[in-house]
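K.L.:
Sequence and computational prediction follow.
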Amino acid sequence: MGFPGHSAGTHALVSFTPPAHVACIMDGNRRWSARQSLPENAGHRAGQDAALDVIDAARSVGVRWLTLYAFSSENWRRPPDEVAFLMKLVQRTIRRHALGLHAKGIRCRFLGAADPRFPAALRRDIADLENLTRENRGMTLTAAFGHGGRGDLVQAAQSLIRSGIPANAVTEELLAAHLPLPDTPDVDLVIRTSGEQRISNFMLWQVAYAEWIFPPELWPDFGTEPFLRCLDAFSRRQRRFGARPQTTAHVPMGANLA
């Protein structure tokens with residue numbers, strides 16, 4: 001199936017109902033740099049451009065929730081100069097694109113960025129972006145930045161204990177309500193680029209029944225068309241949730257959902 005070029009300003013015509021919540025594990029920036037014989041940080045810059053393309057594509061086809069795994073709690077173990085570069089790159093991205101994201105009606109949130117190891121100026125910019133877009137009712141964009149799924153579960157357990165809730169009163173719904181960003185719905189589709197097939201401590205609670213797709217492209221080579229191919233493949237899956245199959249709704253003819 002062909003998709004018109006999004007970068008040319010056209011809206012993607014799709015023949016599927018998009019999943020409500022798509023999450024991307026943006027893998028392959030450093031390998032992309034190595035293959036291009038470029039400095040390692042060039043891959044992170046190119047990955048930023050791919051992320052912006054995916055954000056626009058997701059919004060154009062009607063995805064309501066998009067989560068991008070930008071920096072894990074384990075990534076603090078990377079070389080200090082790489083971590084410092086990533087902090088500055090995210091800060092520049094926020095300052096350059098905050099008003100544009102707001103104009104598109106996108107609500108922006110960060111999962112994990114309260115970690116005190118983040119530079120104070122970056123945490124202020126994150127808070128400013130979240131406050132600026134808080135009332136937007138278009139797509140919700142969550143950057144999982146300093147995030148770890150196990151850490152989120154520990155936070156939820158600590159919150160339940162502080163609330164004095166008896167152990168026999170704890171339900172799945174109650175635990176979910178104590179997770180960070182508790183209004184976030186379960187993930188329908190996880191896309192992990194570069195062909196790697198690992199969870200990497202990502203949103204462990206929310207991906208319990210997600211469908212997974214592992215496209216071969218490294219993240220900097222991933223953009224509108226590969227993203228839409230993944231959404232189309234998802235629409236052809238049968239989701240069981242432990243019971244009878246549920247076929248994802250498939251719209252019989254192209255519709256402009258932008």
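P.N.:
Okay, I see it.
K.L.:
hey, let's count contacts and neighbours off CA atoms from now on
P.N.:
Fine.
K.L.:
how about the helices in the stretch 1-150 of the chain?
P.N.:
29-35, 40-61, 80-103, 120-133, 149-162 (DSSP state H, counting those that start in this stretch).
K.L.:
likewise the stretch 151-258 of the chain?
P.N.:
Going by DSSP H, counting those that start in this stretch, the stretch 151-258 of the chain shows helices at 172-177, 224-235.
K.L.:
could you check the angle helix 40-61 makes with the longest one?
P.N.:
So the one you mean is helix 224-235. Relative orientation of helix 224-235 and helix 40-61, computed by axes from the mean of the first three to the mean of the last three Cα atoms, to 10 degrees: 60 degrees.
K.L.:
buried set for helix 224-235?
P.N.:
Buried residues in helix 224-235, counting neighbours by 16 or more other Cα atoms under 10 Å, are found at Thr224, Glu225, Pro226, Phe227, Leu228, Arg229, Cys230, Leu231, Asp232, Phe234, Ser235.
K.L.:
which residues in the stretch 151-258 of the chain form strands?
P.N.:
189-192, 211-213, 238-239, 246-247, 255-256 (DSSP state E, counting those that start in this stretch).
K.L.:
For the longest one, C-alpha coordinates in CSV please.
P.N.:
Coordinates of the C-alpha atoms in strand 189-192 are reproduced here as CSV (Å, rounded to 0.1, in the frame of the first residue of the first chain):
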residue,chain,number,x,y,z
LEU,A,189,1.2,-1.2,19.6
VAL,A,190,4.9,-1.1,20.5
ILE,A,191,7.3,-0.4,17.6
ARG,A,192,10.9,-1.1,18.3
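K.L.:
So for stretch 172-191, what gets flagged as buried?
P.N.:
175-180, 184, 186-191.
K.L.:
scratch that, stretch 148-158 is what I was asking about
P.N.:
So, applying 16+ other Cα under 10 Å, buried residues of stretch 148-158: Gly148, Gly149, Gly151, Asp152, Leu153, Ala156, Ala157.
K.L.:
so for it, what's the average pLDDT?
P.N.:
The pLDDT scores in stretch 148-158 average 97.
K.L.:
Check stretch 200-207 too.
P.N.:
98.
K.L.:
Any idea how far apart the tips of it sit?
P.N.:
12 Å (Cα to Cα, to the nearest Å).
K.L.:
Likewise for stretch 61-68?
P.N.:
17 Å.
K.L.:
Low-confidence regions, the stretch 151-258 of the chain specifically.
P.N.:
243-258 (pLDDT under 70).
K.L.:
Please repeat the previous calculation with a cut-off of 50.
P.N.:
Applying pLDDT under 50 to the stretch 151-258 of the chain picks out residues 250-258.
K.L.:
returning to what we had before: most tightly surrounded among the helices of the stretch 1-150 of the chain?
P.N.:
Across these, the average number of neighbours (mean count of other Cα atoms under 10 Å) peaks for helix 40-61, which reaches a mean of 20.
K.L.:
Give me the helices and strands touching it, please.
P.N.:
helix 29-35, strand 65-72, helix 80-103, helix 224-235 (3 or more Cα pairs under 8 Å, 6 or more residues apart in numbering; DSSP states H and E).
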